[in-house]
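# Sequence and predicted structure below; questions after.
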Amino acid sequence: MNIYTTYYRSRGWLQAYLFIYRFRWTYPVGLAGLVIGVYRFTSNVPISGFELTVALLGLLCGALCALHNMLDMHRNADDHYAVKLRVLPESYNAIAKSCKYTDFEHIVFAEHAALYSESLNRLIDSAPIRIDTDRHRFRLNSEVNSIVPTALHKSKRIIFNSLKVRMASDITPESVLRHERVKIQKTDYFSSCCTNDMIGWAVRLRKSKTVVYDGMSYMINGNALSDLSDSECSNDIGISTLVFTRDGYMILPYNSMDSAKSPGKLAPASGSADWKDLKGCSTLQEFVIRAMEREMVEECGLRQSNDQFVRTHLTGYARYLNLGGKPEYFGVSIISDDHNRVTVARKEGPFTKDHKMIKLRCEPNREAFIQWLNDTFGDVESEASFALFLSIRFLQDYIRFTPQAFDEIWRSMEL
C-alpha cells in the first residue's frame, strides 16, 4: 500500500472526528496535563504533589472525553444507516427551473444530469466577473449535523478535509452582462460531503426505519431547483480542465478506486477550488484558472514554474443535478512540457492510477479538431466520467463559436 494512502486515510479519520465534535474544553486541558506531566517527569526539577495531580487529572479528563466521543460516534453510526435512492436522470430533468435559469437546459450522460447555458458559456472566457467575499462561513444546519457521522462514513474511499470556496450567488448570462459580482464564502470539503454528496440518499433509523434525512429536499425550493443564493448545500466550486501537451497529446487521468469522485473512470484534471487559490485574484476567471492549473500540476506530476503553462481557457460552466446543483467550471489547458514528462506523483498515487495519453491526429482546422474530439470520446465512452463528457462537449462548443481560440490552442502545440 502507498504510504500516502495510509497517511490520507489516517488524516481523514482524525479530521472527521474533529469535524463531528468540534471544540471541547477538555482537549486543551488534557493536552496541558500531558505537556506538564511529560516536562516535569523528564526534567530534573522535583514535581510537587499538586502539579502531579493537575497533570494526571487533565490528562484523564481529555482521554475520557475522547473515548466518550468515539463511542458516541460509533453509536450514532450504528443507530443510523444511509440508503442510496434510485434517481433516474429523467427525474432530475423533471425538476423545474427558477426564473433565473430560463436560459439553461438539461444535459444527460449515463446516470448523470446537469444544467448549462450555451449563452453563458460564450461569455465566461471573455467578460470579467468580479468577486464579492462574504465574511461569514457556511455552516451546516441542525438536521444535517445530526447525520454527519453517517454521511462521512458511508463511503470507504479516501476523503479528508480542507478549506473550499462556496459559490453563494448565481451566474447567468444576464448577471454577466449586468456586471454583477459573484458572491463567495468559506466552506470545507466535509460540509460538501454532508450536503451535495448526500443528494439522492436518505438516512433512516435502524430500528424504526424512520427517515430522518431526505437528501433530495436539499436541492428543491418549492418545486424548483434551489438557486445558489438560496441553497442549503455547501456548493463548493468544482474545476475540470482538459490537458494538452506541447507535443500534441491529450492527457486523461485514470481515477483510482479510492478516489472520492468517479472512481475507476477517465477524467480531465479535476477537483475542487481551495480557499488559498483566491489569493491575489480579483476576478472569478483568474481564480478558477489558478485552481485548474494547480489541480493539473498535482494530477500530472508536473514541476511548477512561472512559465509552465502556455494558456488556460475557460470553456464552460454547469450545475451538477446529481450533486444538488453543485457549480463546476470547465477549461482547456496547454502545457509547455511533452507528454513523456507527465507522471503520477507518489502523493497523488492514492487518487490517480495512471494517465491515458491520446495523440492528436487531425488536420489543422476547427472542423477536423471537433470531429477528432468526437471520435476520441467515442473510443473511451465506456470508461468516461461525467466531467470528461462535459469537458469535451464544452470544448467543442468553445472551438465552434470562438475561431481565434482554436488558432491560439493549435499554435501552442508544436505540431
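Nice, I can see it.
# Please make it C-alpha for all contacts and neighbour counts, starting now.
Noted.
# now the helices: where do they sit in the chain?
Read by DSSP state H, the chain holds these helices, from start to end of the chain: 3-21, 26-42, 49-79, 89-93, 118-123, 142-145, 148-153, 173-177, 189-194, 284-300, 366-380, 386-401, 403-412.
# want to throw those helices into TSV with distance to F109?
Listed next are these as TSV, based on distance: least, CA to CA, whole Å:
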stretch	distance to F109
helix 3-21	31
helix 26-42	48
helix 49-79	33
helix 89-93	8
helix 118-123	17
helix 142-145	29
helix 148-153	26
helix 173-177	24
helix 189-194	22
helix 284-300	23
helix 366-380	12
helix 386-401	6
helix 403-412	26
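# For Y317, which of the ones you listed is the nearest?
In terms of CA to CA, the element of the helices of the chain nearest to Y317 is helix 118-123, at 6.3 Å.
# Just the CA trace of that closest one, in PDB.
The C-alpha coordinates for helix 118-123 follow below in PDB (Å, rounded to 0.1, in the frame of the first residue of the first chain):
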ATOM      1  CA  GLU A 118     -24.800  27.900 -24.100                       C
ATOM      2  CA  SER A 119     -25.100  31.700 -23.900                       C
ATOM      3  CA  LEU A 120     -23.300  31.900 -20.600                       C
ATOM      4  CA  ASN A 121     -20.500  29.600 -21.900                       C
ATOM      5  CA  ARG A 122     -19.900  32.000 -24.800                       C
ATOM      6  CA  LEU A 123     -19.400  34.800 -22.300                       C
END
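# Who are the contact partners of the residue nearest to T343 when sequence neighbours are not counted?
Nearest in space to T343, with sequence neighbours left out and distances taken as CA to CA, 6 or more residues apart in numbering, is G301 at 5.0 Å. Applying CA atoms under 8 Å, 6 or more residues apart in numbering to G301 gives the contacts 342-345.
# Please indicate which of those are buried?
The neighbour-count criterion (16 or more other CA atoms under 10 Å) marks 342-344 among the contacts of G301 as buried.
# could those residues go into JSON lines alongside distance to I171?
Shown next, in JSON lines, are the buried ones among the contacts of G301 (distance: CA to CA, whole Å):
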{"residue": "V342", "distance to I171": "34"}
{"residue": "T343", "distance to I171": "36"}
{"residue": "V344", "distance to I171": "35"}
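# Let me have those in CSV, adding pLDDT and distance to V288 as columns.
Supplementary listing: those in CSV, determined by pLDDT from 0 to 100; distance: CA to CA, whole Å:
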residue, pLDDT, distance to V288
V342, 92, 22
T343, 92, 24
V344, 89, 23
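# Pick the one among the residues you listed closest to L205.
Distance to L205 across the buried ones among the contacts of G301 (CA to CA) is lowest for V344, with 42.2 Å.
# Quick one: residues contacting that closest one.
Shown here is V344, whose contacts under the criterion CA under 8 Å, 6+ apart are 299-301, 352-355.
# With V87 instead?
Residues in contact with V87, defined by CA under 8 Å, 6+ apart, are G200.
# Near S48, how many other residues are there?
9 (other CA atoms under 10 Å).
# distance of it from V54?
With distances defined as CA to CA, to the nearest Å, the gap from S48 to V54 amounts to 10 Å.
# ok, now I335?
59 Å.
# Quick check: beta-bridge partners of I107?
Taking DSSP bridges as the rule, I107 bridges to A114.
# I'd assumed S117 was in contact with it.
No - in this structure I107 lies outside contact range of S117 using CA atoms under 8 Å: 10.1 Å.
# More neighbours: those two, which one.
Residue environment comparison for I107 versus S117 gives the larger neighbour count to S117, 19 against 16, counting by other CA under 10 Å.
# Can you give me the neighbour number for T402?
Burial measure for T402: 13 neighbouring residues, criterion other CA under 10 Å.
# what's the answer for F109, then?
Here the count is done by other CA under 10 Å, and F109 has 14 residues near it.
# if I pick it, what's in contact with it?
For F109, the contacting residues are 386, 389, by CA under 8 Å, 6+ apart.
# Can you pick out the most distant pair from the contacts of V344?
Distances among those were taken as CA to CA; the most separated pair is G301 and K353, at 12.1 Å.
# one step back: would you single out the least confident of the helices of the chain?
Among the helices of the chain, helix 26-42 has the lowest mean pLDDT, at a mean of 63.
# Which strand residues bridge the nearest residue to D134 once chain neighbours are set aside?
Beyond its immediate neighbours in the sequence, the residue positioned closest to D134 (CA to CA, 6+ apart) is Q185, lying 5.0 Å away. Q185 has the following beta-bridge partners by DSSP bridges: R166.
# if I look at Q185, how far off is K164?
From Q185 to K164 the distance is 9 Å (CA to CA).
# again, but for F369
Note on F369: its distance to K164, by CA to CA, is 35 Å.
# again with K84
K84 is 26 Å from K164, where distance means CA to CA.
# Likewise for H313?
From H313 to K164 the distance is 22 Å (CA to CA).
# In terms of neighbours, single out the busier of the two.
In terms of neighbours (other CA under 10 Å), K164 is the more surrounded of H313 and K164; the figures are 25 against 21.
# The more buried one contacts D188, doesn't it?
Yes - between K164 and D188 there is a contact under CA under 8 Å: 4.8 Å.
# intersection of neighbour lists for the two?
Overlap between the contact sets of K164 and D188, as judged by CA under 8 Å, 6+ apart, is given by D236.
# rewinding a little: can I get the contacts of G301 in TSV including distance to I239?
Compiled in TSV, the contacts of G301 are given as follows (distance: CA to CA, whole Å):
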residue	distance to I239
V342	20
T343	21
V344	19
A345	20
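# which residues sit in contact with T5?
When contacts are counted by CA under 8 Å, 6+ apart, T5 is found next to 158, 349-350.
# quick one: which of those residues is nearest to K326?
The shortest distance between K326 and any of the contacts of T5, using CA to CA, involves I158 and amounts to 20.4 Å.
# and the closest one, how many neighbours?
Residue neighbour count, defined by other CA under 10 Å, stands at 20 for I158.
# Let me know whether it touches K261 as I believe.
No - with contact defined as CA under 8 Å, I158 does not reach K261; the gap is 10.0 Å.
# surely T187 meets L140?
No - between T187 and L140 there is no contact under CA under 8 Å: 9.8 Å.
# Check what pLDDT the residue sitting nearest the centre point of the chain gets.
Most central in the chain under CA atoms, centre = their mean is S272, positioned 3.4 Å from the mean C-alpha point. S272 carries a pLDDT value of 96.
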